[in-house]
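J.: Sequence below, structure please.
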Amino acid sequence: MRKINRRNFLKATGVLAAASALAACGGSSTSTAGSTGSTAGSAASADGAKAYNELTVGTDNTDLKADLKFISHRTDLIEDGTFDGYVAAFQKLYPNITIKYEGITDYATDMTTRLTSNDWGDLCMIPTNIPLTELGDYFEPLCALSDIENDYNFASNRAYNGSVYGIPSTGNAQGIVYNKKVFEAAGITTLPKTPDEFLDDLQKIKDYDPSIDPLYTNYAAGWTMTAWDAYTSGGATGDPNWMNITMPQTKDPFQKGILGADDMGPYAVYYILYEAVKRGLTEADPTTTDWEGSKPRINNGQIGAMVLGSWAIVQMQAAGDHADDIGYMPFPITVKGTQYASAGADYCYGVNKNTTDDKKLAAMLYIKWLTESSNFAYDQGGVPVLKSQEYPDTLKAFDGIDLVEDAPAPAELADLATEVQQEAELMLNADQTHVMRVVEAGINGDETLDDIVADWNAAWDAAVDACAPQ
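T.: You can find the predicted model right below:
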């Protein structure tokens, strides 16, 4: 097997920094901040217009005319006509509002650049690498956080100083998509709860049928590797404060046994990946992985499992004739006797602050319809945004699992997580480079996971000191 050289590989494929893994084909924030206070008040209604929470879809402004441009990372739903169906349903209520979707593949990089132009469009999915303190530079405040936080899950995800700038499109539970038939055929009767149990199960799959890739990394896609970062917060620690409050102020957060045992905490997440690659429990050549091709392969039983957010479930089910074989399990880490799963917002809908008032209103009506009436989150196999809505059947394996949502940082620490990650050059959930290094080490054998973690900790510790609140 030839060695992987990341520099040459990235140059050859053009892989750049990607969107967060909690997001569909991307997604979780690196930091969130919110306040239940309404210092921004009903910011969206300061000029007399209704705020987002005050709108009644199907009753208010049904004669409104507007042509909206919506930029999205979900190129798959644009190409297969899914979004056209949602637009057609919305237009039964608002026949004079037209909505044109534009898809971007390398969303985090390209959309962040386009935001510097005021006329990029009317709605988009807010890139997760925009600091919370800068949300107001680009996006319209929609309502006060206190007005929706009792009814909406993940309401604080794109909120700052009491104002909500983004409405979650859906929520993601962080687990592993797998082929149930493959697991059963390999003699796996109970789902793994620890890293070593999962690795043992992957070995059983390899022993059962060497032609099956027990764990598929999707290394070549690049952005898919950021999925691993999403498991290092609540799922690996059980602590909602870990990602945005504790970790940015903690030295050596990647250290083995930081929580008292080797099989929990961030180290345990990367241990699974490193050991799976090192033991030959992944595809033979990561540089040849194929994201689109992996979907039918797991559907028909050629792949055992992939580490991806719950957004991926419906894509794998739709990729072949064996939708019922696709399952979704909690990530195999148990913290002091309890298994947790990180849950958080996928990309959030945002409205261009520089568009016209009519378009702002039309955009908010469409967002509210998507969120509360379209069944989008359920259709995508996600955690519902409305607290009153049902969870999809695909998440039944999470019954009894404690879902942990990252707590927002207080206003004075709003961007600390992002600042520390930028200073350390370890952009969790947003850049794949450090995770790809783990795969490369597992194959090349030129460094151990402990070597990598030592480098990460050194960079992180220096960043914690440099970015410490004064």
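J.: Got the phi and psi for Ser163?
T.: For Ser163, the backbone dihedrals are phi -110, psi 140 (criterion: degrees, to the nearest 10).
J.: Tell me how many other residues crowd it.
T.: 25 (other Cβ atoms under 10 Å). Heads up, the C-betas are built off the backbone N, CA and C, glycines and all.
J.: Surely Val277 forms part of a helix?
T.: Yes: using DSSP: H, G, I helix; E, B strand; the rest coil, the assignment for Val277 is a helix.
J.: Show the pLDDT at Leu403.
T.: Leu403 carries a pLDDT value of 88.
J.: what's in contact with the helix ranked longest in the chain?
T.: Counting by DSSP state H, the longest helix found in the chain is helix 449-467. Here helix 449-467 makes contact (Cβ atoms under 8 Å, 6 or more residues apart in numbering) with 248-256, 267, 270-271, 274, 416, 419-421, 423-426, 434, 437-438, 441.
J.: could you dump it to CSV, C-alpha only?
T.: Output in CSV follows, covering the C-alpha atoms of helix 449-467 (Å, rounded to 0.1, in the frame of the first residue of the first chain):
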residue,chain,number,x,y,z
LEU,A,449,-1.7,8.8,17.7
ASP,A,450,0.1,9.9,20.9
ASP,A,451,2.6,11.8,18.7
ILE,A,452,-0.2,13.6,17.0
VAL,A,453,-2.1,14.4,20.2
ALA,A,454,1.1,15.8,21.7
ASP,A,455,1.4,18.2,18.8
TRP,A,456,-2.3,19.2,19.1
ASN,A,457,-2.0,19.8,22.8
ALA,A,458,1.1,22.0,22.4
ALA,A,459,-0.6,24.2,19.8
TRP,A,460,-3.8,24.3,21.9
ASP,A,461,-2.1,25.1,25.1
ALA,A,462,-0.3,28.1,23.5
ALA,A,463,-3.6,29.2,22.0
VAL,A,464,-5.4,29.0,25.3
ASP,A,465,-2.7,31.3,26.8
ALA,A,466,-2.8,33.7,23.9
CYS,A,467,-6.5,34.0,23.7
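J.: Now do the strands in the stretch 201-350 of the chain.
T.: Ranges of strands in the stretch 201-350 of the chain, per DSSP state E, counting those that start in this stretch, are 213-215, 303-306, 326-330, 334-335, 338-345, 348-351.
J.: Tell me which of those sits nearest to Tyr391.
T.: Counting by Cβ to Cβ, Tyr391 lies closest to strand 338-345 out of the strands of the stretch 201-350 of the chain; the figure is 10.7 Å.
J.: and the closest one, which residues are buried?
T.: For strand 338-345, a neighbour-count test (16 or more other Cβ atoms under 10 Å) marks Gln339, Tyr340, Ala341, Ser342, Ala343, Gly344, Ala345 as buried.
J.: And these, which is closest to Gly238?
T.: Distance to Gly238 across the buried residues of strand 338-345 (Cβ to Cβ) is lowest for Tyr340, with 4.6 Å.
J.: mind checking how far the closest one is from Glu283?
T.: Taking Cβ to Cβ, to the nearest Å as the measure, Tyr340 falls 29 Å from Glu283.
J.: Look up how far Pro286 lies from Thr194.
T.: 25 Å.
J.: The two: which is more packed in?
T.: Pro286 (22 against 17).
J.: residues contacting that one?
T.: By Cβ under 8 Å, 6+ apart, the residues touching Pro286 are Ile4, Thr217, Tyr219, Ala220, Val277, Val439, Ile443.
J.: any idea how far it lies from Ile212?
T.: 16 Å.
J.: hang on, the earlier thing: now, which of the contacts of helix 449-467 lie within helices?
T.: Mapping the contacts of helix 449-467 onto helices (DSSP H) picks out 267, 270-271, 274, 416, 419-421, 423-424, 434, 437-438, 441.
J.: Max pairwise distance over the residues you listed: which two?
T.: For the ones in helices among the contacts of helix 449-467, the maximum inter-member distance is 29.3 Å, found between Leu416 and Ala441 (Cβ to Cβ).
J.: All the helices of the stretch 251-400 of the chain, in order from the start?
T.: For the stretch 251-400 of the chain, applying DSSP state H, counting those that start in this stretch gives helices covering 266-278, 291-299, 312-317, 357-372, 376-379.
J.: Select, out of the ones you listed, the one closest to Lys65.
T.: With distances scored as Cβ to Cβ, the stretch of those nearest to Lys65 is helix 357-372 (7.1 Å).
J.: Nearest to Phe376 among the strands of the stretch 201-350 of the chain would be which one?
T.: strand 348-351 (10.5 Å).
J.: strands paired with the closest one, and their directions?
T.: Taking DSSP bridges as the criterion, strand 348-351 pairs within the sheet with strand 123-125 (antiparallel), strand 163-168 (antiparallel).
J.: got the contact list for that strand?
T.: For strand 348-351, the external contacting residues (Cβ under 8 Å, 6+ apart) are 122-126, 135, 138-140, 142, 157-158, 165-169, 360, 363-364, 367, 370-371.
J.: Equivalent analysis for stretch 229-240, please.
T.: 20-22, 27-28, 172, 174, 242-243, 246-247, 259, 264-266, 268-269, 307, 309, 330-331, 333, 335-336, 338, 340-344, 402-407, 428-429, 435.
J.: Would you mind checking those residues for buried ones?
T.: Buried among those (16+ other Cβ under 10 Å): 20-22, 27-28, 172, 174, 242-243, 246-247, 259, 264-266, 268-269, 307, 309, 330-331, 333, 335, 340-344, 403-407, 428-429, 435.
J.: Any stretches of the stretch 351-470 of the chain with poor pLDDT?
T.: Low-confidence segments of the stretch 351-470 of the chain, defined by pLDDT under 70, are absent.
J.: Skip the chain neighbours and tell me the closest residue to the residue of the chain most remote from its centre.
T.: Here the chain reaches farthest from its C-alpha mean at Asp63, the gap being 36.3 Å by Cα atoms, centre = their mean. Spatially, and ignoring its direct neighbours in sequence, Asp63 is nearest to Asn96 (6.6 Å; Cβ to Cβ, 6 or more residues apart in numbering).
J.: Verify the stated contact: Thr287 with Gly222.
T.: No: applying Cβ atoms under 8 Å as the test, Thr287 and Gly222 come out as separate, 11.0 Å apart.
J.: I'd say Leu259 and Tyr340 touch.
T.: No: using Cβ under 8 Å, Leu259 is not in contact with Tyr340, being 11.8 Å away.
J.: can you list the domains in this structure?
T.: Listed by automatic domain parsing, the domain ranges of the chain are 1-17+172-345+400-470, 43-170+346-392.
J.: pLDDT weak spots in this structure?
T.: For the chain, the stretches flagged by pLDDT under 70 are 1-48.
J.: between the strands paired with strand 348-351, which gets nearest to Ile313?
T.: Set against Ile313 and scored by Cβ to Cβ, these come closest in strand 163-168, at 17.6 Å.
J.: Just want the angle from that closest one to helix 357-372.
T.: Here the directions of strand 163-168 and helix 357-372 differ by 50 degrees (axes from the mean of the first three to the mean of the last three Cα atoms, to 10 degrees).
J.: Which element is encountered next along the chain beyond strand 163-168?
T.: Downstream of strand 163-168, the next assigned helix or strand under DSSP states H and E is strand 171-173.
J.: from the chain's centre, how far out does that following strand sit?
T.: In terms of Cα atoms, centre = their mean, to the nearest Å, the centre of strand 171-173 is set 8 Å apart from its chain centre.
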